[in-house]
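**Student:** Just need the structure, nothing else, for what follows:
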Amino acid sequence: MKPRILPADAPADREPLRLLYEMYGGAVYGRCVYVLRDRSLAEDAMQDVFARVLESYAAFRQEASPMTWLMRIATNHCLNVLRSQKAPWLQRFRREESAKQEGAGGPQVLEARDLVRRLLARFDPETQSAAIHYYVDEMTLEEVADAIGRSVPTVRKRLEHFATALRALQAN
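**Tutor:** Sure thing, here's the model as predicted:
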């Protein structure tokens, strides 16, 4: 049974938000760093995500886990931040020196991350979200479908298209 953290009739007190922040704040921040590639932007984004959570208690569907709900909000928010900045890293396809210092695993991991980011830039926001949820969060197809509001076959088709494009990009 999933923990019921947010009551349906969201009280005025902030206790549910505090619990969500304590339990999932690190994961939300990690998602924001991964997508935005900037710790300062990620901190701001994480605060924005929890501000949105505070405003939208009623939108939380109890059949989804709090983590799924928060990751969907964080991913969508970060993608919107990138779009609003015209995503300079998507256009230049290069990593900044400060971002290189964050990476663990050496040049191969950095190259793989850049490859994935270049590939993500070729897809619509919904496919981007599906790919991040599936490959980064390691969500099941059912969880991804729930997070983006699509059917499992639709998610499967999008991810297959994404994987095919990744293989083609790696071959070049």
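
**Student:** Please state the offset of stretch 40-51 from the chain centre?
**Tutor:** 13 Å (CA atoms, centre = their mean, to the nearest Å).

**Student:** ugh, wrong one, I meant stretch 37-44
**Tutor:** Relative to its chain's centre, stretch 37-44 lies at 13 Å (CA atoms, centre = their mean).

**Student:** Next, the buried residues of it.
**Tutor:** 37-38, 41-42 (16 or more other CB atoms under 10 Å). C-beta: built from backbone N, CA, C; applies to glycine.

**Student:** And the helices in this structure?
**Tutor:** Using DSSP state H, the helices assigned to the chain run over residues 15-36, 39-55, 66-84, 88-92, 97-102, 106-120, 125-131, 141-148, 152-171.

**Student:** quick one: the second one to helix 15-36, angle?
**Tutor:** For helix 39-55 and helix 15-36, the angle between their directions (axes from the mean of the first three to the mean of the last three CA atoms, to 10 degrees) works out to 140 degrees.

**Student:** and helix 39-55, average pLDDT?
**Tutor:** Confidence for helix 39-55, expressed as mean pLDDT, is 88.

**Student:** outside of it, which residues touch it?
**Tutor:** For helix 39-55, the external contacting residues (CB atoms under 8 Å, 6 or more residues apart in numbering) are 14, 17, 20-21, 25, 28-29, 32-33, 36, 70, 73-74, 77-78, 81, 102.

**Student:** Where does pLDDT dip in this structure?
**Tutor:** For the chain, the stretches flagged by pLDDT under 70 are 1-14, 57-63, 86-110, 112.

**Student:** Walk me through the domains of it.
**Tutor:** 10-90, 98-172 (automatic domain parsing).

**Student:** any idea which of these is most buried?
**Tutor:** Of the domains of the chain, the one with the most neighbours on average (mean count of other CB atoms under 10 Å) is domain 10-90, at a mean of 17.
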